[in-house]
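> Any chance you could fold what I've pasted below:
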Amino acid sequence: MSNIMNNKNKVKYPSQYVVLGQYSVLQGDYDKAVDLYRKALEKMPCNRKVLYFLANAYFRKAVNDKTDKARSYRNAFCNYEKIIRSEPEGPISNMARKKMAELRKEVDIDLGE
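Coordinates of the predicted model:
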């Protein structure tokens, strides 16, 4: 799998970026996941599921990486909002709302430290 991630010529379909992004999340490489999800969104800009994966990658990056925590939280929040605005009553929007509530709790905990 890592050979594919290092060789951009092998990625022929946008869905491959999504799979590679999911692999990167499992490996804890959230920066790589964000990059791959963004590439997928360049090819599929209206795909709410990919946007959700991107928001989750930012959220997990914020939780696990202390260096750029505030920016990652903001990026996660903004992407969850985009999902909700694009389809207020869909199942992905409902998941985004739950993640936003989780994110708010996480930020409150961090502000209190």
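
> Settle this for me: residue 73 is touching residue 55, isn't it.
No - with contact taken as CB atoms under 8 Å, residue 73 and residue 55 are classed as non-touching, separated by 10.6 Å. From N, CA and C alone the C-beta is placed, and that goes for glycine too.

> Tell me which of the two has more neighbours.
residue 55 (26 against 20; other CB atoms under 10 Å).

> quick one: the more buried one and residue 96 touch, right?
Yes - with contact defined as CB under 8 Å, residue 55 reaches residue 96; the gap is 6.9 Å.

> Geometrically speaking, which residue is the centre of the chain?
With distances taken as CA atoms, centre = their mean, the residue of the chain nearest its centroid is residue 54 (1.9 Å).

> residue contacts, residue 90?
Residues near residue 90 by CB atoms under 8 Å, 6 or more residues apart in numbering: residue 48.

> So it versus residue 55, what's the distance?
15 Å (CB to CB, to the nearest Å).

> so what secondary structure elements neighbour whichever helix or strand the residue nearest to the centre of the chain is part of?
Element membership for residue 54 (DSSP states H and E) is helix 48-64. Counting contacts by 3 or more CB pairs under 8 Å, 6 or more residues apart in numbering; DSSP states H and E, helix 48-64 packs against helix 14-26, helix 30-43, helix 69-86, helix 91-111.
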